[in-house]
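K.L.:
output the structure for:
(2 chains)
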Amino acid sequence: MLTPISEIWAEADISDELDLKIKKYLRGEAASFEDLKDRKLKRQLSVREELYGNAAKAAAKAEKWLMPNEGGYLEAEGIEKTWRIKQEAIAKEVGLVNLRNQYDIVLPDLGPYTLDFTSSGRYMAVGGRKGHLGIVDMINLNLIKEIQVAETVRDVVFLHNELFFAAAQKKFVYMYNRDGTEIRCLREHGAALKLQFLKNHFLLASVNKFGQLHYQDITMGEIVGNFRTGLGRTNVMQVNPFNAVVGLGHAGGTVTMWKPTSSAPLVKMLCHHGPVSALAFHPNGHLMATAGKDKRIKLWDLRKFEPLQTLTGHANTLDFSQKGLLACGVGSFVQVLNDVSGTQNYSKYMTHSMAKGYQIGRLAFRPYEDVLAIGHSMGWSSILIPGAGEPNFDTWVANPFETSKQRREKEVRSLLDKLPPETIMLDPSKIGTVKSTYREKPTKQEREAEVEAAVEAAKGTKLKNKTKGRNKPGKKIQKKQDAIARVKRPYLEEKINEEQKISHKKQKTGENIDLPKSLQRFARKKSS
Amino acid sequence: MPVTKRKHRDETSHRRGHSKPSRNAKKKKKTGPRLPSSLQKQLERLNPTVPIESDQDIDSADGDAAERDLLPHDFYEYEEQRAEEESKKNKRYDPGSVDNLQLPIDRSDESEDESIQSDDDNEDDDDDDGLKRTGGAADDDSSEEGDGRHTRMLQGITGMPSEAFEGKKKRKMKDDVIPELYPESEYNPSRDVVDGDGQISIDDLLNPLQDNPGFGKLRKRIQQIENNSKPIHAPLRTADQAKVERKVAYEISKKEVTKWQQIIQRNREAPTLLFDENVDLGFSTVGAIASEFEPRTEFERKMAALVSDDKVMEAHKKDGSRLLEMNMVSVEEEKDRQSRIAKMRSLLFRHEMKAKRLKKIKSKTYHRLLKKDRLKTEASKIQMDPEAAKEFAMKQERLRAEERMTLKHKNQNRWAKRILTRGLNSQDEGTRAAIAEQLQRHAELTRKMHSMKDSSSSSSDDSSDEDAGDSGSDQDMASKVLRKAIEKTKKVIEEDNETPKSGLLSLPFMRRGLEKRKEAVVEEANLAIQEYKDSKNKLENSVGSEDPETTSISGRRVFGASKTHISDAGNKVKSDYNYGSSDSEDDIRASKNGNIETGGSNILQKDVNSDSVLIQEDTDNHQESVFKDFNEIVKNPGPKTTYEVSLFVSDTWKKAKNRNEGGTNGKKSAIAAGPVRQDIKDTVKEAEEDSDTDSSGQMVDGILTAGSNLSYELPSQEELIRQAFAGDDVEDEFDKYKMEILNEENPEPEKPVLLPGWGQWTHVQKKKGLPSWMLKEHENAQKKREEAIKKRKDARLKNVIISEKINKKAEKLHTKALPFPFTSKEAFEQSMRVPIGPEFNPATAIGPLTRPEYLGVQYNECSDVFSELKKEEPYTKRNIRGGDREDRLLRLLRLLRPSSASVSGFLCNGRLVVCCPSHPPLCAGLLWFVLFGDLRRFSIQAVAVPRGEAPRLTSPRRTVPSLVAPGLPSPQYGGCGFLMEKADIYSFGVLILVIVSGRRPLHVLASPMKLEKANLISWCRHLAQAGNILELVDEKLKEHYNKDQASLCINLALACLQKIPGFERGDGS
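P.N.:
Okay, the predicted model is just below:
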């Protein structure tokens, strides 16, 4: 019996695929413990590695069953180009459910609109510049609540779930619940221009008119960080979903990255020669897209802080989809870039132009859907971008069909798992690693070698010949000895200091025993 | 048998005579006695005849025809031949077949009864005997003939067979003859010795036995040795042998030990260890082990037979009295035993005495040191004490007198004479030494005598010599010497003055070098001369009217010369350094020129040079540091700036060069130096001003513009476009900002400033510049900063600033040190990379990933105890008195295994502290017991000490008696070998007693305690009977305890200590 070749190939493909997946779950290579001297440790580590391997394999195998859906895509035939395909053409091909995602909502009075999705993509918050706030259920397109706050609304953002959202209004930031009830007025933020919510840390970040960056813990209400960027007014702000570092784009062409525990930016980089107009982070955290007024869109590798790709073009707003598609919006024109080859070489994927005169204010991919929402001056629109969203959702992470009970439970859980603000750092994988703050003491041998070298150097110095009376050999020897002593002195002093410290410690510990009788009554009494 | 003996001797002498010719006819080996060659010669001289003739002579005397055949043979050959005869012709005497078997028996037979005659006469080793029977009367030896006659006679008289007598005789013969052949004295040296070649070989010794029956074994052995002629090594030294043995033993023990290794390794490497309750570990108690015991050796079997004797068992079971009956001892046995013991005692006593004596004996060194000490003290005494000195003198005198009287040293006493006549060599060492000593003494004394005679004349000679020397005035001598020295040095100088006119040495720089060296030499010489002169002067006029002029002149000269020299060197060094630091080649060339030119002795110019150099250095330092920083960040303006610097430098040096070229004239150069100096200063000032302004960027700009004038490259098209489209100088601003950040995070070291007030009036500081240490410090700080900047993450990234600030709050998220088994950071971090939580792993993988290190029961008993404690929290009377209490107690005490008997505790101020090193359940059990017994009112503190640590409970009041208890286990352990539950109660009783009394359960020896107190338990019982239990409580407590509770405690213990299991009552009553 011969198995058909195609089958063999298929098997090989499957194993390759599996290997790839396993690699993903293994999260890197094991350190080579061949050169470890401790055999016990070696054995334990190898056992551990084996367990990891098994776990990864199990996960990779489970993936097949847990991720049944495949992402959508556009395929061009012949001389066709994907970016020539219009929304109308797509509409003809897709099913009814998806057809519902193509719409324009025209609200000409209160625009331009800004948008935000919950992490599951079920709900959308909309905020019109002229005070129009609303929450929309995206599945049945129900308007859950809409309110008119009667003052400028600059940004709107969901908090940890759809029950609460924050809006940056004329003077302050306000928190509302789903019913439109104002819960809090966050005065410390001032007139915020842009809001971001760090969902793992429960921090609401805002940047205001004066270029001040605020972090507020929404569970306890305390301001965690309040920093002056010193780089002027900006409304370009985005959170890196990977490490929760907040990126700000400034008028000087610089992008700064912040964490709530330091007043200086973690990174400051000059990205553009003109002001930075938009900023977006790839979900994996390694890629950043910036757009500047110098008609450049740049993609940056955040591990090396080097530009990967520079494209020409303006963009007022940028957004990465879950699958890594980059949407750029300028004027009434939307362009979606795609990394076709997987080499982070972005090229034009789709385009969409709105009706003339529409000014796009905000682009937002809807999570877990191939939908791009466009907030513009005349309301908001929704278009289909095949292959934008993650096709499979993890109900433990984000469940679009969450029941209220699940939501409550998740709320509690996420509160329990809340991360402290100091865990925000450029490379969060460094948490738990070894980092010794103090300088390692030189070993005794090293110190001795140092002293010896110094002494040798002192011996090697040639003494000048002095005038007659002072040129005695005895004096010369004396001088040499003095020089050596001088060289040795700091080391000796160090040693003495150390010894003193030790003796001091000893004294401290042995205090109770040695106290003379007259002083014993002053000694601290032991609690019996 | 004196007759025979004599005869034998005659024979031997005859045979000695034969020895030589026999050698000629010898078939096998040289054997037998040998004469030294001198003796042989002598013999030859005496007997010049042919050996056969002599043989004949002798033989004729013997008058035996048979002998004649064997004449040329010597005793051995003769025997050998006989042996051949025997072995070949007479089968009866095959020695190999018979003797091997019978040798030992024969010997014994012979020794036991010689008279018994066996049929085949093989017990007689002597072949002569055989000969006699085979060959009848044909015997060679006259003595044997005589013997034969004698035996015949005896036969005739007694009527017994002749063999009876012969045997005896032959034995004697054999015994006698062979040793008689080689008497060891000088009368009969062995033949080898006589012949002059070497030693007795083993063959020599064994040949006589060659054919004797009965040595088969030996022969075989010899054969073996010969066949494999490998030499047998000498036995190893004991130390080496021990080493080898140890090695082997180690191997064996290693094997024994390593059989566990696999298990241990497996356990160590296992990710989780399973402690299952049901694992059978084999025997757990002494009793169990004892029950499995099976007698193997004879002794054990006997013991077992005795122990398991029915009668004994029965008696044991029934009553102890029967046992006593069975154990009856007879009077004799007892006596015997006593005498044995007495003997042992006396032996012991003797041994002890001996040991004592040995202990008293001090070592040789001790005695030597003692003697030395004694002598020392005596000597000091003599010196210090006049009385003692006197005594000593007297003693000496007396000794001397004695000596003179006896004239011992002359060796004229009888003893000495006798020794001398005997010859010193034959004496033993002691006497020899004594004689030698005497001789020495004699020699000494005679020498003394002579010297006494000579001394007067020699001393006078000496004195006269000295006088002459003195009178000759050492001053003159010294001056002479000095004069000579001066002359010599001068000569040397003059010789050196010749200079080579051609060749390599005539080259200018060589000449210069030579001159310099010469100068140095001259100086040295001058110095030396000066010194000589000084000393001379001193000698001449002791008042010290030195010639001030000469000294001062010479001094000055020296001073001046050395100064110039030094300054020269200094200058060179400085200038070299300076030029080296600048980059462009021109400078180096210039510096060379400068070097050569400054070799001249123009002081002014030098001054200028050094000044300028200093300043230049300063500026260079500063500018370079700034530029360097900048260069690393902004690469473009890099070369320009350096060029700028070089421009400065080259300008000045061009000027300097000019000046130097012009400057053979001192004045001219001085004039030229002025403006140059000013120039330099100006430039420096400018630079300093620039750098002083806060914004280093401005300075940079300025330089940039300056530089661009000089070297302008056409930028590429792209660059042009970029510049065109760029906003303002965003990049420059960013760079500036980066500089600021760098300065902030790695602050620039403070520029050293002049010390305020230091040398202000005298302008010393201005002249000298900053102290060198300050400059060095500054330099070091600068270097450090540069390194730090280089190490930054953003050092290579042009438009990026990555903050290096340490976040103290985030420190807690990192581990400060590597956790224990890890040694490399990488291994640790990689081992932590995979999350193991349920959120990140499939359910099947979580189990193994998060499995604990140990599984199964661990101190389950302990937890049981506490759960039980909790359950029975409501304390009621029913609980204490209840019937099931006993059971519970037993259940609990089952945990108190005898293995965990090392327990310490004390009772103090109503507090019972139990310290149990190994077994937490024991503590817990105690706790429980005391809680639920009536001891509840004690406050209780149970301390479980971790495994492996000794009980280490220190109290301020007293130390804790720690007991590893002999006497703690109950008698049932020893008795029947079965461990019962009640036994533990017994142990517990003992434990309580121990705790209360603070004594060991058995204090038999080494304690001042009374005998009755030695056994704690019996003592306690005794006290209980007397009714004063409280005496038992530790005296050290004095009155600080609750008497009721203590008595309760002891009662409880006594209840536990009932002899017969089943009678124990846990009740406090």
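K.L.:
among the helices and strands of the chain, which has the poorest mean pLDDT?
P.N.:
Let's take chain A. The weakest-scoring helix or strand in chain A, judged by mean pLDDT, DSSP states H and E, is helix A:511-514 (a mean of 60).
K.L.:
ah, no, chain B please
P.N.:
strand B:962-964 (a mean of 30).
K.L.:
coming back round to it: immediately after the least confident helix or strand of chain A, which helix or strand?
P.N.:
helix A:517-520 (DSSP states H and E).
K.L.:
contacting residues around the host helix or strand of residue A:405?
P.N.:
According to DSSP H and E, residue A:405 maps onto helix A:404-416. With CB atoms under 8 Å, 6 or more residues apart in numbering or on different chains as the test, helix A:404-416 has contacts from A:160, A:161, A:163, A:199, A:200, A:202, A:219, A:395, A:399, A:402. Where C-beta positions appear, they are placed from N, C-alpha and C, glycine not excepted.
K.L.:
so which of those comes closest to residue B:844?
P.N.:
Using CB to CB, residue A:395 is the member of the contacts of helix A:404-416 that lies nearest residue B:844, at 19.3 Å.
K.L.:
for the closest one, give its distance to residue A:101.
P.N.:
The spacing between residue A:395 and residue A:101, counted by CB to CB, to the nearest Å, is 22 Å.
K.L.:
quick one: which of the two has more around it?
P.N.:
Each of residue A:395 and residue A:101 has its neighbours counted (other CB atoms under 10 Å in any protein chain shown); residue A:101 has more, 20 against 12.
K.L.:
export the next helix or strand after the helix holding residue A:405 to PDB, keeping only CA atoms.
P.N.:
Tracing the chain C-terminally past helix A:404-416 and defining elements by DSSP H and E, one meets helix A:444-460 next. Extracted in PDB, the C-alpha atoms of helix A:444-460 (Å, rounded to 0.1, in the frame of the first residue of the first chain):
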ATOM      1  CA  LYS A 444      39.500  39.600  47.000                       C
ATOM      2  CA  GLN A 445      41.800  38.500  44.300                       C
ATOM      3  CA  GLU A 446      40.800  41.300  42.000                       C
ATOM      4  CA  ARG A 447      41.400  43.800  44.800                       C
ATOM      5  CA  GLU A 448      44.700  42.400  45.600                       C
ATOM      6  CA  ALA A 449      45.700  42.500  41.900                       C
ATOM      7  CA  GLU A 450      44.700  46.000  41.800                       C
ATOM      8  CA  VAL A 451      46.700  47.000  44.800                       C
ATOM      9  CA  GLU A 452      49.700  45.100  43.400                       C
ATOM     10  CA  ALA A 453      49.400  46.900  40.100                       C
ATOM     11  CA  ALA A 454      49.200  50.200  41.800                       C
ATOM     12  CA  VAL A 455      52.200  49.400  43.900                       C
ATOM     13  CA  GLU A 456      54.200  48.300  40.900                       C
ATOM     14  CA  ALA A 457      53.300  51.500  39.100                       C
ATOM     15  CA  ALA A 458      54.400  53.500  42.100                       C
ATOM     16  CA  LYS A 459      57.700  51.600  42.200                       C
ATOM     17  CA  GLY A 460      58.200  52.200  38.600                       C
END
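K.L.:
mind checking how far the following helix or strand past helix A:444-460 is from the chain centre?
P.N.:
Using DSSP H and E, the helix or strand that follows helix A:444-460 in sequence is helix A:473-509. Taking CA atoms, centre = their mean, to the nearest Å, the mean C-alpha location of helix A:473-509 is offset from the chain mean by 51 Å.
K.L.:
same for helix A:473-509, what does it pack against?
P.N.:
helix A:444-460 (3 or more CB pairs under 8 Å, 6 or more residues apart in numbering or on different chains; DSSP states H and E).
K.L.:
buried ones in the helix it packs on?
P.N.:
A:451, A:454, A:455, A:458 (16 or more other CB atoms under 10 Å in any protein chain shown).
K.L.:
same deal with stretch B:1020-1033?
P.N.:
Across stretch B:1020-1033, burial judged by 16+ other CB under 10 Å covers B:1020, B:1023, B:1024, B:1029, B:1032, B:1033.
K.L.:
residues touching the second one, list them.
P.N.:
To tie it back to what came earlier, the one meant is residue B:1023. By CB under 8 Å, 6+ apart, the neighbours of residue B:1023 are B:1029, B:1031, B:1032.
K.L.:
quick check, pLDDT for it.
P.N.:
Note on residue B:1023: pLDDT of 79.
K.L.:
and the residue of the stretch 201-350 of chain A nearest chain B?
P.N.:
Per CB to the nearest CB, the residue of the stretch 201-350 of chain A with the smallest distance to chain B is residue A:270, at 3.7 Å.
K.L.:
burial count for that residue?
P.N.:
Residues lying near residue A:270 (other CB under 10 Å) number 22.
K.L.:
for it, phi and psi?
P.N.:
Per-residue torsions, residue A:270: phi -90, psi 110 (degrees, to the nearest 10).
K.L.:
show me the contacts for it.
P.N.:
Contacts of residue A:270 (CB under 8 Å, 6+ apart): A:252, A:253, A:254, B:730, B:731, B:734, B:799, B:800.
K.L.:
in three-state terms, how would the spatially most central residue of chain A be classified?
P.N.:
Centroid check for chain A by CA atoms, centre = their mean gives residue A:243 as the closest residue, at 2.6 Å. Under the three-state scheme (DSSP: H, G, I helix; E, B strand; the rest coil), residue A:243 adopts coil.
K.L.:
same question, residue B:820
P.N.:
Per three-state DSSP, the secondary structure class of residue B:820 is coil.
K.L.:
I'd like to know which of the contacts of residue A:270 are part of helices.
P.N.:
B:730, B:731, B:734 (DSSP state H).
K.L.:
check contacts around the last one.
P.N.:
When contacts are counted by CB under 8 Å, 6+ apart, residue B:734 is found next to A:252, A:253, A:254, A:270, B:799.
K.L.:
so what pairs up with the third one in the strands?
P.N.:
When bridges are called by DSSP bridges, residue A:254 pairs up with residue A:270.
K.L.:
hmm, back to that, could you dump the buried residues of stretch B:1020-1033 into TSV with distance to residue B:200 and secondary structure added?
P.N.:
Output for these, formatted as TSV (distance: CB to CB, whole Å; DSSP: H, G, I helix; E, B strand; the rest coil):
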residue	distance to residue B:200	secondary structure
B:1020	83	helix
B:1023	87	helix
B:1024	89	helix
B:1029	90	helix
B:1032	85	helix
B:1033	88	coil
